[in-house]
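Engineer: show me how the following folds:
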Amino acid sequence: MADKKVKKKSKGNGDFIKRLMEDESLSENIIVRELLEEMELLREELGKFKKSENEHMDRIKRIQADYENYRKRTLKEHIELIKRANKDLIEKLLPVIDSFNSAIDMAVSSGNEDNEFFKGLKMIHDKLIEILEKEGLKVINPVGEEFDPHICEAAVTEASDDVDDHHVISVLRKGYMLNDFVIRPAVVKVCVK
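Structural biologist: As a prediction, the model looks like this:
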């Protein structure tokens, strides 16, 4: 009889262990399932964070691009403002340059080129022109060239055998360009045959 009890006990222990193992495997399955669900939730949350991060990065890039465009536009406007101020100042100086040119032409025509006053006047004129040329001023001198209405105004026409038709014979008033833009056209005498 003792043998029967032992057998029953061992049989009962086997069922218990078997059930315990089934319970553990059930628990593991539940834990694994819960972990998988948790991982899925974390993936979804990570996806939301990545989407949010991408949106923020796009916004940062747009802000950086806007700032760069603003900086370039401001710099360009500043340069244009300086150019406009230079142009206005140089246009105001053109009558002074004309007066210098007239005084120099008179001194040369009257033979006073050796006069110290003339030499001083010529030095001041040359220095002023040198400074303005550094700022982009160029004299328009179309003598001998075909008449170009974009840079010249024809004040007088004259027939001449020495110059081709529609070519400039002489300059009556100098014209000027500032950085390749005409600020005052040259007034010229044009040959018409």
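Engineer: C-alpha from now on. contacts and neighbour counts both.
Structural biologist: Fine.
Engineer: and F117, how close does it get to I104?
Structural biologist: For F117, the distance to I104 (C-alpha to C-alpha, to the nearest Å) stands at 10 Å.
Engineer: what does V139 give?
Structural biologist: 16 Å.
Engineer: which of those two has more residues huddled nearby?
Structural biologist: Using other C-alpha atoms under 10 Å as the criterion, V139 and I104 rank with I104 on top: 19 against 16.
Engineer: which strands and helices sit next to the helix or strand harbouring the more buried one?
Structural biologist: Following DSSP states H and E, the helix or strand that holds I104 is helix 2-109. Applying 3 or more C-alpha pairs under 8 Å, 6 or more residues apart in numbering; DSSP states H and E, one finds that helix 2-109 contacts helix 116-134.
Engineer: show me the residue at the heart of the chain, geometrically.
Structural biologist: In the chain, the residue lying closest to the centroid (C-alpha atoms, centre = their mean) is K72, at 4.7 Å.
Engineer: does V143 sit in a helix, a strand or a coil?
Structural biologist: Following DSSP: H, G, I helix; E, B strand; the rest coil, the label given to V143 is coil.
Engineer: any chance you could read off phi and psi for it?
Structural biologist: Comment: the main-chain dihedrals of V143 come out as phi -60, psi 130, following degrees, to the nearest 10.
Engineer: now it: how far from V163?
Structural biologist: Plainly put, V143 is 10 Å away from V163 if you go by C-alpha to C-alpha.
Engineer: what is in contact with the two at once?
Structural biologist: Common neighbours of V143 and V163, counting by C-alpha atoms under 8 Å, 6 or more residues apart in numbering, are I169.
Engineer: flag the shaky bits of this structure, pLDDT-wise.
Structural biologist: Low-confidence regions of the chain, defined by pLDDT under 70, span residues 1-26.
Engineer: and the helix holding I104 with helix 116-134, angle?
Structural biologist: Angle of helix 2-109 versus helix 116-134, following axes from the mean of the first three to the mean of the last three C-alpha atoms, to 10 degrees, is 160 degrees.
Engineer: tell me how far helix 2-109 lies from the chain's centre.
Structural biologist: Taking the mean of its C-alpha atoms, helix 2-109 sits 26 Å from the chain's own mean (C-alpha atoms, centre = their mean, to the nearest Å).
Engineer: next one: stretch 126-146
Structural biologist: Chain-centre distance of stretch 126-146: 29 Å, with C-alpha atoms, centre = their mean.
Engineer: next: stretch 141-155.
Structural biologist: Here stretch 141-155 shows a centroid-to-chain-centroid distance of 35 Å under the convention C-alpha atoms, centre = their mean.
Engineer: could you look up the SS state of V163?
Structural biologist: On the three-state scheme (three-state DSSP), V163 is labelled coil.
Engineer: same question for V139.
Structural biologist: When the structure is reduced to helix, strand and coil (three-state DSSP), V139 reads as strand.
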